[in-house]
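**Student:** fold the stuff below for me.
(2 chains)
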Amino acid sequence: MKKIIILITLIVFGYNSYSQSMHGLSYSMALPMGETSDIISKYQWRGLAIEGKYFVGDQVTLGWQSGWNTMYQGESGSFTEGTLTRTGTQYSWLNIWPMLFTFDYFFGTDGDTQPYIGAGVGTYWVEQRTQMGLFADTYSTWNFGIAPEVGVLIPINLYSNFYVNVKYNYGLNGSADVSNYSWMSFNVGFLWY
Amino acid sequence: MHIPSKIFSSLGLIASVIILLSGCYPKGPEYTSDYSLVVSDYAPEFDFGAQKTYYMPDTVYLETNVENPDAERIREFQELILETIEANMSTRDYQRIDTAGAQKPDLVLGVSALAVNNSGVGWVPSPCWSWYCWYYPGWYPVGYSYSTGTVIIQMGRPDGVIDFEDDEANLVWFAGLDGLLSSNVNNNQAGVTKGINQAFEQSPYLKSNR
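**Tutor:** Numbering: from 1, shown residues only, chains lettered A, B, ... in the order given. Now for the predicted structure:
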């Protein structure tokens, strides 16, 4: 077990000791969009994003991004489908774990405030749960994911940066039971060399 | 093997945030009333306005796994359920008749109730997050006990057998109330009354024009 933990640690964070890489941790908020907003419409405040960026040129990084976003909403009222009407409080949860490879391009020069654009491609694992009364349905799906983003990196000192970014996330699945997922994520955090 | 201290600090920071997020994970319904559910369905081709009279038995069919149920309390619940249904039907201009007369009712109402006590032992995750928890089981057992109550109202035509499982049955309207039972009898009675009223409120097509 100890060897596995050390191995994962080295894979994920092993490049930390090189200045050509950055790792980030950010607080992630989300605004459901498209069909996802039919399930949960409110702005969401629970989320975490972690990522690594490795310079392959002066302005360009390749990397990865993961994290955890939880969307939740309780909505009371009557819900009618055809001739069937249900009244009560409907609770909906979406738990989303992205696993993306990323590409970013940084404008400006190192040490200055640097805007950047980028994109991620990979997969989102999404667990959707709906509960009304004593009854609940849960679906879990793998989604092919793409995530274009824009952000800005603001240096704090030689080793760390404050950064914010906005990312549009789209998860495509072939399931007939659940819709595709899309949301905007707003991330605020720190990147350090 | 030397591992840079910043790796540990990074992991520690991420673990802290994950634990913090886990602590504020939304758990959904909290109170007994949050579990209340009222469902209704109807046959769209049926003309509810053309009906006037209905027959409803004086008893509610009860199914329960509660040992030695309180007969007096059950009788009170039965009366409450039937009275509330009759009041709502009266508001919609339907007239209740009995079978002693020669008149054949336009509609038949059947009412059943289900009270189930659930108890047992479940496994829940250990709340322990410290490193020494690795030496203890991640799950531990807890006992649970809760009761659920269901009331089902079925409306059908009197010229056949009401069979909910049969697509060809004469069922024209159905309402179901479901939820957790409270230890407070008054709360349960209020919940049943509210649920039956809601079943009629969400069924505006139940209205006699005769």
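**Student:** quick check: next helix or strand after the lowest-mean-pLDDT helix or strand in chain B?
**Tutor:** Ranked by mean pLDDT, DSSP states H and E, the helix or strand of chain B with the weakest confidence is helix B:5-23, at a mean of 65. Downstream of helix B:5-23, the first helix or strand assigned by DSSP states H and E is strand B:37-42.
**Student:** pLDDT weak spots in chain A?
**Tutor:** A:1-19 (pLDDT under 70).
**Student:** ranges for the strands of it?
**Tutor:** A:21-33, A:46-55, A:60-81, A:84-106, A:114-132, A:135-155, A:160-172, A:181-192 (DSSP state E).
**Student:** what about the fifth one, distance to the chain center?
**Tutor:** Taking Cα atoms, centre = their mean, to the nearest Å, one finds the center of strand A:114-132 at 4 Å from the center of the full chain.
**Student:** please save the CA atoms from it in CSV.
**Tutor:** Provided in CSV are the C-alpha atoms of strand A:114-132 (Å, rounded to 0.1, in the frame of the first residue of the first chain):
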residue,chain,number,x,y,z
GLN,A,114,-0.3,36.6,-17.8
PRO,A,115,-3.7,36.0,-19.5
TYR,A,116,-4.0,32.5,-21.0
ILE,A,117,-6.3,30.5,-23.1
GLY,A,118,-6.6,26.7,-23.2
ALA,A,119,-8.7,23.6,-23.6
GLY,A,120,-9.1,20.3,-22.0
VAL,A,121,-10.1,17.0,-23.4
GLY,A,122,-10.8,13.7,-21.6
THR,A,123,-13.6,12.3,-19.6
TYR,A,124,-16.1,13.3,-16.9
TRP,A,125,-17.5,10.7,-14.5
VAL,A,126,-20.9,11.9,-13.5
GLU,A,127,-23.2,10.4,-10.9
GLN,A,128,-26.8,11.8,-11.1
ARG,A,129,-29.2,11.1,-8.2
THR,A,130,-32.8,12.1,-8.0
GLN,A,131,-34.9,11.6,-4.9
MET,A,132,-38.5,12.3,-4.2
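**Student:** what pairs with that strand, parallel or antiparallel?
**Tutor:** Take DSSP bridges as the rule and strand A:114-132 pairs in its sheet with strand A:84-106 (antiparallel), strand A:135-155 (antiparallel).
**Student:** got the buried residues for it?
**Tutor:** A:114, A:116, A:118-120, A:122-124, A:126, A:128-132 (16 or more other Cβ atoms under 10 Å in any protein chain shown). The way it works is simple: take the backbone N, C-alpha and C, and place the C-beta from them, glycine included.
**Student:** do stretch B:103-118 as well
**Tutor:** B:105-115.
**Student:** tell me which of those fall in strands.
**Tutor:** Reading strands off these with DSSP E, I get B:107-115.
**Student:** filter those down to the ones near chain A?
**Tutor:** Counting by Cβ under 8 Å from any Cβ of the partner chain, the subset of those that neighbours chain A is empty.
**Student:** specify which member of the residues you listed is nearest to A:G151.
**Tutor:** Using Cβ to Cβ, B:L114 comes nearest to A:G151 of those, at 55.9 Å.
**Student:** now do the contacts for A:A119.
**Tutor:** By Cβ atoms under 8 Å, 6 or more residues apart in numbering or on different chains, the residues touching A:A119 are A:102-103, A:146-149.
**Student:** wait, A:L100 sits on A:G118?
**Tutor:** No. Contact criterion Cβ atoms under 8 Å: A:L100 and A:G118 do not qualify, at 10.2 Å.
**Student:** residue contacts, residue 187?
**Tutor:** In the absence of a named chain, this looks at chain A. A:26-29, A:49, A:151, A:163-167.
**Student:** correction: the question concerned chain B.
**Tutor:** Counting by Cβ under 8 Å, 6+ apart, B:N187 touches B:T32.
**Student:** wait, is it part of a strand?
**Tutor:** No. B:N187 sits outside any strand when classified using DSSP: H, G, I helix; E, B strand; the rest coil, being helix.
**Student:** state the distance from it to B:L114.
**Tutor:** Distance, B:N187 to B:L114, using Cβ to Cβ, to the nearest Å: 18 Å.
**Student:** and what of A:A119?
**Tutor:** Counting by Cβ to Cβ - A:A119 and B:L114 are separated by 54 Å.
**Student:** B:Y42 - nearest residue in space that isn't next to it in sequence?
**Tutor:** B:W173 (4.6 Å; Cβ to Cβ, 6 or more residues apart in numbering or on different chains).
**Student:** likewise for A:E149?
**Tutor:** Closest to A:E149 by Cβ to Cβ, 6+ apart is A:K167, at 3.9 Å.
**Student:** the one you found contacts A:G145, correct?
**Tutor:** No. The criterion here is Cβ under 8 Å, and A:K167 misses it with A:G145 at 10.8 Å.
**Student:** distance check, A:P115 against chain B.
**Tutor:** Using Cβ to the nearest Cβ, to the nearest Å, one gets 25 Å for the distance from A:P115 to chain B.
**Student:** correction: the previous question concerned A:G122.
**Tutor:** 19 Å.
**Student:** now that residue: closest residue in space, sequence neighbours ignored.
**Tutor:** In this structure, A:G122 finds its nearest non-sequential neighbour in A:L100, 3.7 Å apart by Cβ to Cβ, 6+ apart.
**Student:** element containing the residue at minimal distance from the centre of chain B, please.
**Tutor:** Nearest to the geometric centre of chain B sits B:D178, at 0.6 Å (Cα atoms, centre = their mean). Following DSSP H and E, one finds B:D178 within strand B:171-180.
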